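# based on what follows, work out the 3D shape:
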Amino acid sequence: MTMKRRQFLVASSLGFAGLKFGQPVSAAPKTQAAPPKGKAKSTILFFLCGGASHMDMWDLKPNAPSEYRGPFSPIATSAPGVRLCEHLPMLAQQAHHLAVVNSVGATVNTNDHHGGYYYNLTGHAPDRSFVTLGNNRTPFPDDWPFMGSVVASKSTPNPDLPNAITLPHKPSRAPYTRPGQFAARIGVEQDPLYVMGSNEEPLKFLAPSLSLEGGITPERMTTRFSLLKEIDAARRSVEGSASMDVLQQHQQRALNLILSSKTTNAFDVSQESPALQERYGKTVNGMSLLLARRLVEAEVPFVTVFWKGDMTKLAKKCKSAGSWDTHGSNFECLKENLLPEFDRAFSALVEDLAQRGLLDETLLLVTSEMGRKPKIGDPRSGGVTGAGRDHWTHCLTDVLAGGGIQGGQTYGASDRYGEYPLENKVTPANITGTVYNAMGINDLMAYDKLGRPYHLLDGGDPITALF
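Have a look, this model is predicted:
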């Protein structure tokens, strides 16, 4: 009976938060000093699911042989030190805000999506299990934590919303959920809240755990929760379980979120003007970035937008799941579909934050699980005639802006073919460390359930030259 009464509170990561196989997650001692505040108060991570082509967006090689360089040309931008693809004209006008890092060496042992997600989301190279299990390598409870979960755990709790929110989907379809996007070993209470969107209704976002269904009104829910607290109090007096205390704390958090008008308003992008909606582009990705800006205004420390592909339009054309995994027709998919949508949406976010005076205190990071193979032609789509680019984790470009980052610069360089970093090589660990540095997070110690300390990011020195 107790479980039935609980079901509306434990439908997602907000339920059973803080539990790890029946035990509360150990936290750092409360006497530990809070880390000093950095310039960034929030981070927006824009993750281009599928593996975006660094060669065709950020790091074009006009002097490389034709079998590498492709048909796109670089164009001048608002920053003398930055050149972008000709199909990013709107973002080119915002380049004075951007730091383009062309030397990210992110080689993983599978050269594939699962490992690429994990490395670029956590800053930790994948272990041997990614090779032995392949796409069956599901997220593990003892994985290294997602950078957003680390930020959430080290930041002052937001009074109205979770500290980490992810939208508009959870990559990828179960059971092949991508590792690296969860709190894992630091405790499920630091998992992001997932807010779902769709290609069909781009202005509508739904957080399943924050929805009242089955005729339950706020008043009825409050009454049920009061009864639940009485039952749990009686149960705790018998069991003496600390787990019940942790569970009740997070159930109360869930109830507060559901009943808060601030929660409802934060997720309602229809409150924005039609002109601004059009500026971002009324696609699920454009509206997700607009929602991310609203969440920054609501002082959520970490917001992740995972690019949502459109299988109906692009799966057959690009020989992929409809995102940036352009195994076939790479150049057509980019020019006609992916780049125009990205250009409009991301340039709007940079411009919007700058105009509102929020860019200096908001760090933006654009990354992906990999770049694309510089040599054109993927055997899975007909080789050279298929004009695709295969997987390539050995080199990619990350783009940062705001949050104390010095805009208008290009950092590092790849070799003449775009295959490997050549100058100022960095790794996803350095990028992750840069995020923590921008957010003022200097204390990266954590404690396991036995109270033993460990460091969350060994070898992840921030790229201080970017600041």
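# neighbours of the nearest residue to residue 93 once chain neighbours are set aside, how many?
In this structure, residue 93 finds its nearest non-sequential neighbour in residue 78, 5.4 Å apart by CB to CB, 6 or more residues apart in numbering. Heads up, the C-betas are built off the backbone N, CA and C, glycines and all. As a burial measure, residue 78 scores 15 neighbours (other CB atoms under 10 Å).
# and if you look at residue 138?
Other residues near residue 138 come to 15 when the count uses other CB under 10 Å.
# same check on the one 10 residues further on?
Number of residues near residue 148 (other CB under 10 Å) recorded here: 27.
# my read is that the residue nearest to residue 93 contacts residue 98, right?
No. At 9.2 Å, residue 78 does not count as touching residue 98 under the criterion of CB atoms under 8 Å.
# quickly list what's touching both of these two.
Contact criterion CB atoms under 8 Å, 6 or more residues apart in numbering; residues shared by residue 78 and residue 98: residue 408.
# any low-confidence regions in the chain?
Residue ranges of the chain with pLDDT under 70: 1-38, 208-263.
# tell me the domain ranges of it?
With domains defined by automatic domain parsing, the chain comprises 1-32+209-266, 40-207+273-466.
# what residues are up against the residue most central in space within the chain?
With distances taken as CA atoms, centre = their mean, the residue of the chain nearest its centroid is residue 304 (3.5 Å). Residues in contact with residue 304 (CB under 8 Å, 6+ apart) are 44-45, 47, 148, 164-167, 181, 192.
# from those, which ones fall inside helices?
residue 148 (DSSP state H).
# gap between the closest residue to residue 190 other than its chain neighbours and residue 113?
Among residues not flanking residue 190 along the chain, residue 183 sits closest, at 3.7 Å (CB to CB, 6+ apart). Here the criterion is CB to CB, to the nearest Å. By it, residue 183 lies 21 Å from residue 113.
# do the same with residue 142
Residue 142 is 21 Å from residue 113, by CB to CB.
# cool, and residue 124?
16 Å.
# of those two, which one has the most company?
residue 113 (23 against 20).
# list the contacts of that one.
Going by CB under 8 Å, 6+ apart, residue 113 touches 50-51, 172, 178, 325, 369-370, 391.
# so who does the closest residue to residue 77 other than its chain neighbours touch?
Spatial nearest neighbour of residue 77, excluding adjacent residues (CB to CB, 6+ apart): residue 95 at 3.5 Å. Contacts here follow CB under 8 Å, 6+ apart; on that basis residue 95 touches 77-79, 82, 84, 407-408.
# and for residue 164?
For residue 164, the contacting residues are 146, 148-149, 151-152, 190-193, 300-304, by CB under 8 Å, 6+ apart.
# out of those, which comes closest to residue 465?
Nearest to residue 465 among the contacts of residue 164, counting by CB to CB, is residue 151 at 22.0 Å.
# helix, strand or coil for that closest one?
Of the three states, residue 151 takes helix according to DSSP: H, G, I helix; E, B strand; the rest coil.
# leaving out the residues flanking it, which one is nearest to it?
In space, and not counting its chain neighbours, residue 151 is closest to residue 302: 4.4 Å by CB to CB, 6+ apart.
# with residue 461 instead?
Using CB to CB, 6+ apart, the closest residue to residue 461 is residue 433 (5.6 Å).
# now do the contacts for the one you found.
123, 457, 460-463 are the contacts of residue 433 under CB under 8 Å, 6+ apart.
# what ranges do the strands span in the stretch 151-300 of the chain?
Ranges of strands in the stretch 151-300 of the chain, per DSSP state E, counting those that start in this stretch, are 164-167, 193-194.
# now, of the ones you listed, which is deepest in the fold?
Of those, the one with the most neighbours on average (mean count of other CB atoms under 10 Å) is strand 164-167, at a mean of 27.
# quick one: strands adjacent to that one?
strand 193-194 (parallel), strand 302-306 (parallel) (DSSP bridges).
# okay, those in a markdown table with distance to residue 128 next?
Formatted as a markdown table, the strands paired with strand 164-167 follow (distance: least, CB to CB, whole Å):
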| stretch | distance to residue 128 |
| --- | --- |
| strand 193-194 | 29 |
| strand 302-306 | 26 |
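# mind listing what's buried along stretch 167-177?
Neighbour-count burial for stretch 167-177 flags 167-172, 177 (criterion: 16 or more other CB atoms under 10 Å).
# follow-up on the earlier one: can you name the two of the contacts of residue 95 that sit furthest apart?
Maximum pairwise distance in the contacts of residue 95, criterion CB to CB, is 13.2 Å, between 84 and 407.
# more neighbours: these two, which one.
The residue with more neighbours, out of residue 84 and residue 407, is residue 84; 25 against 22, by other CB under 10 Å.
# where's that one relative to residue 72, distance?
From residue 84 to residue 72 the distance is 10 Å (CB to CB).
# with residue 89 instead?
When CB to CB is the yardstick, residue 89 and residue 72 sit 12 Å from each other.
# who has more neighbours, these two?
The residue with more neighbours, out of residue 89 and residue 72, is residue 72; 21 against 16, by other CB under 10 Å.
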